[in-house]
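structural data only, the sequence is not supplied:
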């Protein structure tokens with residue numbers, strides 16, 4: 001009798017325990033085309049278009065259009081105010097649109113180990129067409145690049161990590177706390193003028209509802225056209 005009671009207790013404990021978190025994975029391709037430069041004197045800008053293909057690189061699952069104006073306080077410090085429009089296609093349904101206002105601080109931290117260390121801090125205010133709330137999110141990127149040939153920056157090794165933290169809950173699904181982490185390893189190639197091409201692998205770890213996780217394995221190509 002005691003053995004049956006113990007077995008019954010164990011079964012009830014297993015049934016009442018929370019379900020194990022699930023992890024889903026996808027292969028994606030992200031293309032980023034960015035133009036940037038000076039408007040006049042210390043007034044600067046950037047504008048970018050980012051189509052992102054997912055579901056095994058079979059379809060465009062996100063399109064991002066982002067631009068900003070900034071003020072260059074010094075060669076190492078620039079502050080931007082910008083806006084972004086994001087389109088999220090929904091199979092068999094109406095697209096979800098997201099609008100973002102953001103403030104961004106770019107800061108060159110120094111040149112350790114013969115390379116360049118920099119930071120990008122971005123505070124976002126987010127609205128989506130499938131809800132009414134405004135979401136706040138903080139993003140912090142640490143980036144390091146190092147020339148692979150002494151005395152030349154024609155070809156640089158490049159790594160960066162960017163963490164995302166949601167600052168509040170929203171009715172369209174954002175949950176306060178850790179949102180995602182992007183980790184990149186690749187190379188930066190100098191192009192004519194001051195333009196550069198960045199290619200490499202990006203790992204995107206997304207924290208989803210119920211403790212589930214999503215990992216996107218991304219082939220990332222970014223062209224910076226500077227003038």
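Received the coordinates, thanks. Keep in mind that what you see is a predicted model, and the values were worked out from it rather than measured.

now find how far off-centre the strand or helix carrying residue 72 is within its chain.
Under DSSP states H and E, the secondary-structure element containing residue 72 is strand 59-74. Distance, stretch centre to chain centre, for strand 59-74: 12 Å (CA atoms, centre = their mean, to the nearest Å).

give the bridge partners for the residue nearest in space to the middle of the chain, please.
In the chain, the residue lying closest to the centroid (CA atoms, centre = their mean) is residue 182, at 5.9 Å. Residue 182 has the following beta-bridge partners by DSSP bridges: residue 162, residue 204.

give me the pLDDT for residue 12.
Per-residue pLDDT puts residue 12 at 47.

give me phi/psi at residue 150?
Phi and psi for residue 150, reported as degrees, to the nearest 10, are phi -60, psi 130.

one more: residue 119?
phi -130, psi 140.

related to what we said a few turns ago, so which bits of the strand holding residue 72 are buried?
Neighbour-count burial for strand 59-74, counted by 16 or more other CB atoms under 10 Å, picks out 61-62, 64, 66-68, 70, 72. For the C-beta atoms, the positions are set from N, CA and C on the backbone; glycine is no exception.

next, the angle from the helix or strand following it to strand 59-74.
For strand 59-74, the succeeding helix or strand toward the C-terminus, using DSSP H and E, is strand 77-88. Angle of strand 77-88 versus strand 59-74, following axes from the mean of the first three to the mean of the last three CA atoms, to 10 degrees, is 160 degrees.

what packs against the biggest strand by length in the chain?
Ranked by residue count under DSSP state E, the longest strand found in the chain is strand 23-40. The contact analysis (3 or more CB pairs under 8 Å, 6 or more residues apart in numbering; DSSP states H and E) places strand 23-40 against strand 43-54, strand 213-226.

for the longest one, packing partners?
What that stands for is strand 213-226. strand 23-40, strand 196-207.

tell me the strands beside that strand, with direction?
In the sheet, strand 213-226 lines up with strand 23-40 (parallel), strand 196-207 (antiparallel) (DSSP bridges).

rewinding a little: who does the strand holding residue 72 touch, helix- and strand-wise?
Packing partners of strand 59-74 (3+ CB pairs under 8 Å, 6+ apart): strand 43-54, strand 77-88, strand 96-110.

that strand vs strand 43-54, what angle?
For strand 59-74 against strand 43-54, the angle by the same axes, to 10 degrees is 160 degrees.
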